[in-house]
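Novice: Here is the input, now give the coordinates:
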Amino acid sequence: MTRDTNKTIIKAELDDKAYAVGDFIQQLAEVQDQKFEALWQECKEKEWVKGMDEENAKDWLFDYLFNGWGKDSLGFHKTFSEYVGGDWE
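Specialist: Now for the predicted structure:
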């Protein structure tokens, strides 16, 4: 990022609001981490994934939840099993 050579002026109201939004985003991140870890623990306990080592399975699940969970061109969500190319048991 670059700054103009002119003096930069920021209104205090933006500082206050930016701090509040940043704080909220950090709280969301904590909740996301808690939800993911709870799901991962349940996944391990109930042996929901077979044929994939633990670290790889956790990486796939994380990637699905944070990057791959979305709608296709027809508006349908891809399931985790579809995402990893797995079969149902």
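Novice: Summarise which helices and strands the lowest-mean-pLDDT helix or strand in the chain is packed against.
Specialist: Least confident element among the helices and strands of the chain, by mean pLDDT, DSSP states H and E: helix 80-84 (a mean of 88). Secondary-structure packing of helix 80-84 (3 or more C-beta pairs under 8 Å, 6 or more residues apart in numbering; DSSP states H and E): helix 54-63. The C-beta positions use only the backbone N, C-alpha and C, and glycine is treated the same way.
Novice: The most centrally placed residue in the chain: what's it in contact with?
Specialist: Closest to where the C-alpha atoms of the chain average out (C-alpha atoms, centre = their mean) is residue 66, at 3.0 Å. By C-beta atoms under 8 Å, 6 or more residues apart in numbering, the residues touching residue 66 are residue 32.
Novice: related to what we said a few turns ago, please identify the buried residues of the least confident helix or strand of the chain?
Specialist: By 16 or more other C-beta atoms under 10 Å, the buried positions in helix 80-84 come out as 80, 83, 84.
Novice: what's the closest of the residues you listed to residue 6?
Specialist: residue 83 (49.3 Å; C-beta to C-beta).
Novice: mean confidence score for the helix or strand harbouring residue 21?
Specialist: In this assignment (DSSP states H and E), residue 21 forms part of helix 12-45. What helix 12-45 shows for mean pLDDT is 97.
Novice: elements contacting it?
Specialist: By 3+ C-beta pairs under 8 Å, 6+ apart, helix 12-45 packs against helix 54-63.
Novice: elements contacting the helix it packs on?
Specialist: Applying 3+ C-beta pairs under 8 Å, 6+ apart, one finds that helix 54-63 makes contact with helix 12-45, helix 80-84.
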